[in-house]
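Visitor: Generate coordinates for the sequence data below:
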Amino acid sequence: MTPSCRVRRTFLSLLGAVSLAACAAVDRSPSLSPVLSPDRIAAIVASPDRSAADRDNDARRKPAEFLSFIGVRPGMVVLDVSAGGGYTSELMTRAVGPTGRVYGQSPPPDPDRAPPAAPEGDARPATNAQ
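Guide: The predicted structure follows:
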């Protein structure tokens, strides 16, 4: 087994243990804020300070349905695994509000892999350089 495989296996084991511990520690008391209402979700998606690129991605990514499905609530602590360009992290930050917290995690870029032609969220059309 290569050293990178051992590191990956150790990391995944640790991540699993932390996830299980976090689930066990969740307070299921009725004091939790209610899930976001459809009106509040619509207001988050329609926020005038969201970028044009994010609005372009909305048609494909369906943020209102996403926020409703995950049941995000004000005051939650959220982990966005593989956050990429931050589209989802930004929506969840708006949803949890000032009393919540969002952590975004992305793996470091692979130096052996070429970057994408246009990162997600980039509203500019990709062009072919000649």
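
Visitor: so what's residue 78 up against?
Guide: Residue 78 makes contact with 72, 92, 96, 100-103, according to CB atoms under 8 Å, 6 or more residues apart in numbering. Any C-beta I mention is one placed from the backbone N, CA and C, and that applies to glycine too.

Visitor: Helix, strand, or coil at it?
Guide: Following DSSP: H, G, I helix; E, B strand; the rest coil, the label given to residue 78 is strand.

Visitor: any idea how far residue 44 is from it?
Guide: The gap separating residue 78 from residue 44 is 14 Å, by CB to CB, to the nearest Å.

Visitor: One more: residue 86?
Guide: 15 Å.

Visitor: Which one's more surrounded, those two?
Guide: residue 44 (21 against 17; other CB atoms under 10 Å).

Visitor: Skipping adjacent residues, who's closest to residue 96 in space?
Guide: Distances taken as CB to CB, 6 or more residues apart in numbering place residue 76 nearest to residue 96, at 4.9 Å, with adjacent residues excluded.

Visitor: So in the chain, where's the weakest helix or strand by average pLDDT?
Guide: One helix or strand of the chain scores below all others by mean pLDDT, DSSP states H and E: helix 3-25, with a mean of 60.

Visitor: number of nearby residues for residue 95?
Guide: Neighbours around residue 95, by other CB under 10 Å: 23.
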